[in-house]
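K.L.:
heads up, no residue letters with this:
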DNA sequence: TTGAAAGCGGTACCAG
DNA sequence: CTGGTACCGCTTTCAA
């Protein structure tokens, strides 16, 4: 078994309560004693027992992340970011990939300080939980839990609006998933609404379906799209990976960006790749999302009131991948 | 705060030690008392406190999974499978995406019963740990910990061997990643060794590099490959996703499988998709890997001796995607 | 400044 | 079969 404070106490010739204080850096212990104890603890390879500690302190300094859909990459960057963010606040992140209810029960037994529930499918309303829950994603619409989310609808709408403002009339959205995926649906709906409310012709400005959100899917869809008699002059892409495929398809068809086609990509991740033409994006920077998430988590842990639904507004970043249309 | 066994005891009018027994389904409690207690526990929404339980029993019934590279999909199916497997053994899986050493420390503090370390990059040797560790992947070659792994080298070698046995002479392997990725390297090396030891002409039988293991990468690489004056008659693909792209590229070039090109895909996942032609595969079924992993975990938990390095041998499953070559 | 002791929520043993 | 109790490792009063 592991080293306990009693072992340290024995080795240091003090009582174990003194050790406890020393290790928690309490001012109630004289400096030399403290450093000596800490030194011994290090030598012995002491690791505080979370079970014992959280049993008495009712805090575990741990956040549980419920993420039943690891196979879908959608959230991995977000979770990585959140993990970093929470690390800075000296919280540890633990992930469960079990089904929502089971995962929440697990985290309740573990007495984590708070739970973040991610779910892009249509999962059950989180079970009752002693531990406060924060959700990300729009899965639970009248959820009783605080929710942080990106206004995807608005993101796509802004993109449409921008394209119209520079003269585009045939604007397509590539990214309808056809499966149950609320996150994608929101974007599609944002597009459809925009088309309607801005009075675009739905014949030219339509939604293009893909079977997944990866590069090849974008490639394939665009190949088809470009065979139209009157292909769009502007494309909005539902994800970064799709965009890569779209670019490929455009180039292979000997068209150029932005000369023949302008493109804006939905994206929360800062552009890391170098494309031939830097990609215009619309979305909420990942960092902002994780910051907000961490903030809300700290709030619920400290029992402070939070807004129930935080909708982060997307930013439009226009680069050379967009160009005004000449004469319609 | 949560409901404790004392609350239940009060409500049931029994001592709390009886409650403890009843909830653990001990035969030392009369049936009616037991059911009554369990009923009350359910009504009150009781969740056993892991901290308290593991503090006294020194068991948490939890396995910690160290997985610093969630962004890379490679292992997600494996982890999902392992999670299921362990669930059946009534173990809970918790995942940490932190850097190896940090994650292991965390799990030590949490007193998980065992740790599985996944790592496809070149990470530090796991720190010293009170908790037993099992590794998956070849990252740590002279690792002191039990390791379960797939014999990737042999997998690719078998595929080459099979192709030769049915007359192929120009066999290419698609899947070199060029980055530091030991798992991929193993396959590439398996291929190179096979080419050499079987006396294939390395000019025709070569390794084709891809930038990632996804569909588009396979598509792109194959498009190029097929432009050769003398393209291969057989292709071995490094991953399932790559294979999808390879198939696409072949069809688009108006070639047919297996008539013009035979293909075997490295794959641990049972074929779920329906391709035009069912795909031949070589690899260890995922289920086998997770079973073995679970088995070794149970062994180390129970302090039983295990083989240090378990190398699972791949299976070759040949379908209509392969065809003997006619006259070289 | 240090030590002693109570108690967090359970388990397990022993007495009744 | 049920109740009482010691104790797991640690934090946190309270006394010395």
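P.N.:
Received the coordinates, thanks. Remember, it's a predicted structure, so these values are computed and weren't measured experimentally.
K.L.:
Low-confidence ranges, the stretch 101-250 of chain A, go.
P.N.:
A:120-127, A:138-142 (pLDDT under 70).
K.L.:
For it, which segments count as helices?
P.N.:
Per DSSP state H, counting those that start in this stretch, the stretch 101-250 of chain A carries helices over the ranges A:152-165, A:182-197, A:215-225, A:240-252.
K.L.:
now the shortest one against helix B:215-225, angle please.
P.N.:
The directions of helix A:215-225 and helix B:215-225 differ by 70 degrees, with axes from the mean of the first three to the mean of the last three CA atoms, to 10 degrees as the criterion.
K.L.:
now the last one
P.N.:
Put simply, helix A:240-252 runs at 30 degrees to helix B:215-225, going by the same axes, to 10 degrees.
K.L.:
Just say helix, strand or coil for residue A:71.
P.N.:
coil (DSSP: H, G, I helix; E, B strand; the rest coil).
K.L.:
Show the contacting residues for it.
P.N.:
B:73, B:76-77, B:80 (CB atoms under 8 Å, 6 or more residues apart in numbering or on different chains). Any C-beta I mention is one placed from the backbone N, CA and C, and that applies to glycine too.
K.L.:
Check it and give its pLDDT.
P.N.:
pLDDT for residue A:71: 72.
K.L.:
Now do the phi/psi pair for it.
P.N.:
phi -60, psi -20 (degrees, to the nearest 10).
K.L.:
measure it to DNA strand D for me?
P.N.:
38 Å (CB to the nearest atom of the strand, to the nearest Å).
K.L.:
How about residue A:199?
P.N.:
Residue A:199 is 63 Å from DNA strand D, by CB to the nearest atom of the strand.
K.L.:
Kindly list the main-chain dihedrals of that residue?
P.N.:
Residue A:199 adopts backbone torsions of phi 70, psi 30, taken as degrees, to the nearest 10.
K.L.:
Which helix or which strand is home to the spatially most central residue of chain A?
P.N.:
Nearest to the mean C-alpha position of chain A, counting by CA atoms, centre = their mean, stands residue A:78 at 3.3 Å. If you go by DSSP states H and E, residue A:78 is part of helix A:76-88.
K.L.:
who does that helix touch, helix- and strand-wise?
P.N.:
Packing partners of helix A:76-88 (3 or more CB pairs under 8 Å, 6 or more residues apart in numbering or on different chains; DSSP states H and E): strand A:62-66, strand A:92-96, strand A:114-118, helix A:286-301.
K.L.:
Name the residues of it that come out as buried.
P.N.:
For helix A:76-88, burial by neighbour count (16 or more other CB atoms under 10 Å in any protein chain shown) applies to A:76-83, A:85-86.
K.L.:
And stretch A:55-65, by the same measure?
P.N.:
Result for stretch A:55-65 [16+ other CB under 10 Å]: buried residues A:55, A:60-65.
K.L.:
would a markdown table of those with distance to residue B:99 be doable?
P.N.:
Formatted as a markdown table, those follow (distance: CB to CB, whole Å):
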| residue | distance to residue B:99 |
| --- | --- |
| A:55 | 28 |
| A:60 | 21 |
| A:61 | 18 |
| A:62 | 17 |
| A:63 | 17 |
| A:64 | 20 |
| A:65 | 17 |
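K.L.:
among the residues you listed, which are in reach of DNA strand C?
P.N.:
For DNA strand C, the contacts drawn from those by CB under 7 Å from any atom of the strand are residue A:55.
K.L.:
just the buried residues of stretch A:55-65 that are near chain B?
P.N.:
A:55, A:60 (CB under 8 Å from any CB of the partner chain).
K.L.:
Between which two of the buried residues of stretch A:55-65 is the distance greatest?
P.N.:
Farthest pair in the buried residues of stretch A:55-65 (CB to CB) is A:55 and A:65. Separation: 22.6 Å.
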